[in-house]
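[1] Fold the following for me, if possible:
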Amino acid sequence: MIYTVTFNPSLDYIVSVENFKAGEVNRTTDEIIFPGGKGINVSIVLKNLGFDNTALGFMAGFTGDEISRLLEEKGVKTDFIHVKKGLSRINVKMRSNEESEINGRGPEIMQEDIDKLYKQLDKLQEGDTLVLAGSIPSVMPESMYMDIMRHLQDKKIDIAVDATRDLLVNVLPYKPFVIKPNNHELGEIFNVKIETKDDVVKYAKKLQEKGARNVLVSMAGDGAVLVTEDGQEFRAEAPKGDLKNSVGAGDSMVAGFVAGYLTKKDYFEAFKMGVCTGSASAFSEELATKAEVEALYEKNKDLF
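    Numbering: from 1, shown residues only. Here you go, the predicted model:
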């Protein structure tokens, strides 16, 4: 079974406003609501690709109920912990002459809630996959990802981590199955500017020296790189297409990589699926469907 963890899920309220003017009444021309959060995006795309999974995390109030409902509507199983104080956040994203965002804070997560999460994680079994993705709310310990991996280190579980800077670096001693920084985040870790795929490979190997098994690096329009635990290096240019929505593309890459690896236990196949799934989401108004990924995969075989 695959599990994802999203500590601070959201309802993403996306509105379009023509010629937004501050201080005045503005009316939307289009609006839509999605369940949001990096782990949740991974769960949705995995389900779209045909992989059952369970979304874990924290939720509160009527907004939390709606997040669960929307996910279950999409076929994603949920086992969220109900938090007593606060509300699951609403993130408002406005598309106009410029794009603007207002992100909510989220509920107050207590130690008793965290303890409940550990009890859920204790049920994971050998061969399961766990995806830890996104930021950690300020009400939780900054060491949360590291604490979870230390807690699970004796279980034979593949753990994928999509996080930034210290959140990512701190988990490396616990040998995550795959980590997915982008090229900018990779540069920030080592305080360097990453300009080429050779640079990516060089610094990805440094992360392996610190404990990462496989390092998957997204480079937006410049493609992607994978450095594997068995010494392989794979590089790809980005598939061609019209960028419609970059939100969730990185999460989709993680989902595609996990799906590809579980299908054939082959890193090259996982890499191809990761690249095509991330791009398929970027070329779509919503997260990638299986049909969109398969079409892009067939069309771009020459990229790999």
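
[2] contacts and neighbour counts: CA atoms only from here.
    Fine.

[3] how about the strands in the stretch 51-200 of the chain?
    With DSSP state E, counting those that start in this stretch, the ranges of strands along the stretch 51-200 of the chain come out as 53-59, 77-78, 81-82, 89-95, 99-102, 129-133, 158-162, 178-179.

[4] Select from these the stretch with the lowest mean pLDDT.
    In terms of mean pLDDT, the lowest-scoring of the strands of the stretch 51-200 of the chain is strand 99-102 (a mean of 88).

[5] Pull the distance from it to the chain's centre.
    20 Å (Cα atoms, centre = their mean, to the nearest Å).

[6] Starting from that strand, tell me which strands it pairs with and how they run.
    strand 89-95 (antiparallel) (DSSP bridges).

[7] Name the residue closest to the centre of this protein, please.
    Asp251 (3.1 Å; Cα atoms, centre = their mean).

[8] How confident was the prediction at the closest residue to Pro173 other than its chain neighbours?
    Leaving aside its sequence neighbours, Pro173 sits nearest to Gly211 (Cα to Cα, 6 or more residues apart in numbering; 5.0 Å). At Gly211, the predicted lDDT confidence score is 96.

[9] Spit out the contact partners of Gly211.
    Gly211 makes contacts with Leu172, Pro173, Tyr174, Lys175, Pro176, as judged by Cα atoms under 8 Å, 6 or more residues apart in numbering.

[10] Buried ones only from the residues you listed, please, as a ChimeraX command.
    Buried residues among the contacts of Gly211 (16 or more other Cα atoms under 10 Å), as a ChimeraX selection:
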select :172,174,175,176
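
[11] Now pLDDT and distance to Gly278 too, for the contacts of Gly211, in JSON lines please.
    Below are the contacts of Gly211 laid out as JSON lines (pLDDT from 0 to 100; distance: Cα to Cα, whole Å):
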{"residue": "Leu172", "pLDDT": "96", "distance to Gly278": "24"}
{"residue": "Pro173", "pLDDT": "96", "distance to Gly278": "28"}
{"residue": "Tyr174", "pLDDT": "95", "distance to Gly278": "26"}
{"residue": "Lys175", "pLDDT": "96", "distance to Gly278": "24"}
{"residue": "Pro176", "pLDDT": "96", "distance to Gly278": "21"}
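
[12] Closest one to Gly187 out of the contacts of Gly211, please.
    Leu172 (16.5 Å; Cα to Cα).

[13] Do I have it right that the closest one meets Val215?
    No: the criterion here is Cα atoms under 8 Å, and Leu172 misses it with Val215 at 11.0 Å.

[14] quick one: common contacting residues for the two?
    Joint contacts of Leu172 and Val215 (Cα under 8 Å, 6+ apart) are Leu207.

[15] For stretch 239-257, buried residues please.
    For stretch 239-257, by 16+ other Cα under 10 Å, it's 239, 245-257.
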